[in-house]
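Visitor: when you get a sec, could you give me coordinates for this:
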Amino acid sequence: MNRTHEVTPRVHLSHVSRTFSPASRGQPPFQALGDVSLELWPGEFVCLLGPSGCGKSTILNLIAGFDRPDAGVVSIDAKPVMQPGPDRGFVFQQPTLFPWLNVLDNVTFGPRMAGVPKAQYLDDAYRYLALVGLKGFEHHATWQLSGGMRQRAALARAWLPNPGILLMDEPFGALDAQTRLTMQELLTSVWAATGTTILFVTHDVDEALLLADRVLIMSARPGRIREHLHVPFERPRDIEDLADDPEFGRLRRHVLHIIRDEAHRHAGQELS
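Guide: Numbering: from 1, shown residues only. Predicted coordinates for the structure are as follows:
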């Protein structure tokens, strides 16, 4: 991606820290993040990797405006994040659809509750449902859908406000391998069509190397960005072709080594 003429990142975390109050009396405070700095550029697809409990979801929540840092600044287009906004979509690991609403009503729930006239969002709702492969399922109940189809509906709902930034917290983690691969291909195709800036949290190294322009590898708690890794493979990508590429194998081993090293370091801290 050529950033020669870009002077402002889309998302910027500068020396961000976040500590949570103890879960019970007598326990110390819980420091999730310590001095995190990162940048996301317009249209970039970035994956966030790291051992469990390193603060990946905390970073998403800070960017979304669901939480505030104790120190440092979280900004979007050079403006500090103060609260959630329609410029950011969020996709959770579970689809979190309303079971009493059909697919279309789930996808359009946000603008309907905000009082937006139907004429302003209905065409886009149908367009995004078609993009995620749910054309013809608009009036189905959510219980009639498979897990992958429900996650497709959640993607359409997140994209409907046309957010500049999409935050994704292990959205395919609960899916079977075949459905997960289909969703990965779907996500990259819709991303290519929309130009959305995506920050995608995953525990799956292969998924990160398949999807991302860059991979940010986090340290064990308190989480920091240990390494920025550029993914060199041209798009479109095919996981079968990548699996035969020696460079894919080298990068995969490198990332796994870092994550394993951080996991061992965290285990040592817990035992000390």
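Visitor: ok, then the element right after the host helix or strand of residue 151?
Guide: Residue 151 is part of helix 147-159, with elements assigned from DSSP states H and E. With elements assigned by DSSP H and E, the helix or strand that comes after helix 147-159 is strand 165-169.
Visitor: which strands and helices lie in contact with that next one?
Guide: Applying 3 or more CB pairs under 8 Å, 6 or more residues apart in numbering; DSSP states H and E, we find strand 165-169 packed against helix 56-64, strand 88-91, strand 197-201. C-beta: built from backbone N, CA, C; applies to glycine.
Visitor: what ranges does this protein have for its helices?
Guide: In the chain, the segments counted as helices under DSSP state H are 56-64, 103-107, 109-113, 118-131, 147-159, 177-194, 205-211, 239-243, 246-271.
Visitor: got a markdown table for those helices, with mean pLDDT, mean neighbour count and distance to residue 92 too?
Guide: Converted to a markdown table, the helices of the chain look like this (pLDDT from 0 to 100; neighbours: other CB atoms under 10 Å; distance: least, CB to CB, whole Å):
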| stretch | mean pLDDT | mean neighbour count | distance to residue 92 |
| --- | --- | --- | --- |
| helix 56-64 | 96 | 23 | 10 |
| helix 103-107 | 97 | 23 | 14 |
| helix 109-113 | 92 | 14 | 15 |
| helix 118-131 | 94 | 15 | 18 |
| helix 147-159 | 93 | 23 | 7 |
| helix 177-194 | 91 | 16 | 14 |
| helix 205-211 | 96 | 22 | 16 |
| helix 239-243 | 91 | 13 | 24 |
| helix 246-271 | 85 | 14 | 23 |
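Visitor: among the helices and strands packed on strand 165-169, which is nearest residue 81?
Guide: Of all those, helix 56-64 sits nearest to residue 81, with 6.6 Å by CB to CB.
Visitor: which residues are contacting the closest one?
Guide: 11, 13, 16, 18, 32-33, 36, 38, 48-50, 67-69, 74, 76, 81, 84, 88, 90, 165, 167-169, 199, 201, 218, 223 (CB atoms under 8 Å, 6 or more residues apart in numbering).
Visitor: endpoint to endpoint, stretch 199-211 covers what distance?
Guide: One end of stretch 199-211 to the other measures 11 Å (CA to CA, to the nearest Å).
Visitor: mind starting the numbering at 52 from now?
Guide: Renumbered: residue one is now 52, and that last one reads stretch 250-262.
Visitor: how about residues contacting that stretch?
Guide: 62, 91, 96-100, 103, 107-108, 110-111, 114, 216-224, 231, 235, 238-239, 263, 266, 282, 284, 288, 290, 293, 299, 302-303, 306-307, 310.
Visitor: and it, how far from the chain's centre?
Guide: The gap between where stretch 250-262 is centred and where its chain is centred comes out at 9 Å by CA atoms, centre = their mean, to the nearest Å.
Visitor: cool, and stretch 214-222?
Guide: Averaging C-alpha positions (CA atoms, centre = their mean) puts stretch 214-222 4 Å from its chain's average.
Visitor: now stretch 199-215
Guide: Relative to the chain's own centre, stretch 199-215 is displaced by 12 Å; criterion: CA atoms, centre = their mean.
Visitor: got it, and stretch 121-136?
Guide: How far stretch 121-136 lies from its chain's middle: 17 Å, per CA atoms, centre = their mean.
Visitor: circling back: packing partners for the helix holding residue 202?
Guide: Counting by 3+ CB pairs under 8 Å, 6+ apart, helix 198-210 packs on strand 139-142, helix 154-158, helix 169-182, helix 228-245.
Visitor: pairing partners for the first one, with directions?
Guide: The sheet places strand 139-142 alongside strand 216-220 (parallel), with pairing taken from DSSP bridges.
Visitor: state the mean pLDDT of the partner strand.
Guide: The average pLDDT for strand 216-220 rounds to 96.
Visitor: so residue 158 sits against residue 181, correct?
Guide: No - using CB atoms under 8 Å, residue 158 is not in contact with residue 181; the gap is 11.5 Å.
Visitor: measure residue 83 to residue 69 for me?
Guide: 5 Å (CB to CB, to the nearest Å).
Visitor: intersection of neighbour lists for those two?
Guide: With CB under 8 Å, 6+ apart applied, the overlap between the contact sets of residue 83 and residue 69 consists of 106, 109.
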